[in-house]
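1. Model the structure of this input:
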Amino acid sequence: MGKSIIVVVACLILCASAAPQEQPRVLRGGGHLLGETAEQFFSEGFEGEMQQACETKDWKSVKQLAQNGSKTKIKDVCASEKLAQQQATSGARLEYSGPGDAETMRTDTFTFDGGHLVKIHMLYTVPVANVEGYHPKSFNELFAGLQEAYGTPSKSYSEPVFNVYGVKYDAHRAVWMGKNDVINLIEQPGEQTGENGGTQVIAETVAEYNREVRAPKAANPLQ
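-> Numbers count the residues shown, from 1 in each chain. This is a model prediction of the structure:
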């Protein structure tokens, strides 16, 4: 049980002093805590190691940490990390790409606003064919892990969507609404349409969720 929860999105921590119906949940994904300060974010885990390696000019460590397959110069990597830290800690709105997890084919994107981490977006890619050494997570696996951790979702449904070729299929959705946060599980086109599929796990503050709900949606030319 513990392993599935850790792999999926995070852990559930209860505040013992609160009444049962008011117990807040703490969401952690990609190694970071939803709501944490930008200062804390860039001082811990991968980001903390990268900042330290750049500050001490440990270029060997920087190269090892920046395993992204690009030809970007090491000093440019450090400059980019430093700029992201400065923007996030200044209170600016910023999207930052984390290292993700190669084994589960997961990519991470973190959104900062007002000096805090307001959104954790994890995308688990599921290729059409099996890839040796990789263990991607399907929608059903992620759903089971989240349900085990957070109980029955507030809403679970399917809706018709179209892929880039205009092929229609039913995509599954699940939402866990909390007092202070929201978790969304979103299936993307995949095996049914002959493409690499995937599932998004999005943990965000209620304020960030409401911000996106109010934002105007671009029309889908395929629908």
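2. which residues does Thr37 form a beta bridge with?
-> Counting by DSSP bridges, Thr37 forms beta bridges with His116.
3. can I assume it is in contact with Gly114?
-> No: counting by Cβ atoms under 8 Å, Thr37 stays clear of Gly114, with 9.8 Å between them. Heads up, the C-betas are built off the backbone N, CA and C, glycines and all.
4. More neighbours: which of these two?
-> Counted by other Cβ atoms under 10 Å, Thr37 and Gly114 do not tie: Thr37 has more neighbours, with 16 against 12.
5. Which per-residue confidence value corresponds to that one?
-> We have a pLDDT of 97 for Thr37.
6. what's the spacing between the residue nearest to Val201 when sequence neighbours are not counted and Gly98?
-> Closest residue in space to Val201, ignoring its immediate chain neighbours: Met122 at 4.6 Å, by Cβ to Cβ, 6 or more residues apart in numbering. Distance of Met122 to Gly98, given as Cβ to Cβ, to the nearest Å: 9 Å.
7. Any regions of the chain where pLDDT drops low?
-> 1-24, 68-72, 128-129, 164, 189-195, 216-223 (pLDDT under 70).
8. Tell me where it has helices.
-> Along the chain, counting by DSSP state H, helices occupy 2-8, 38-41, 45-55, 59-65, 74-90, 139-150, 206-214.
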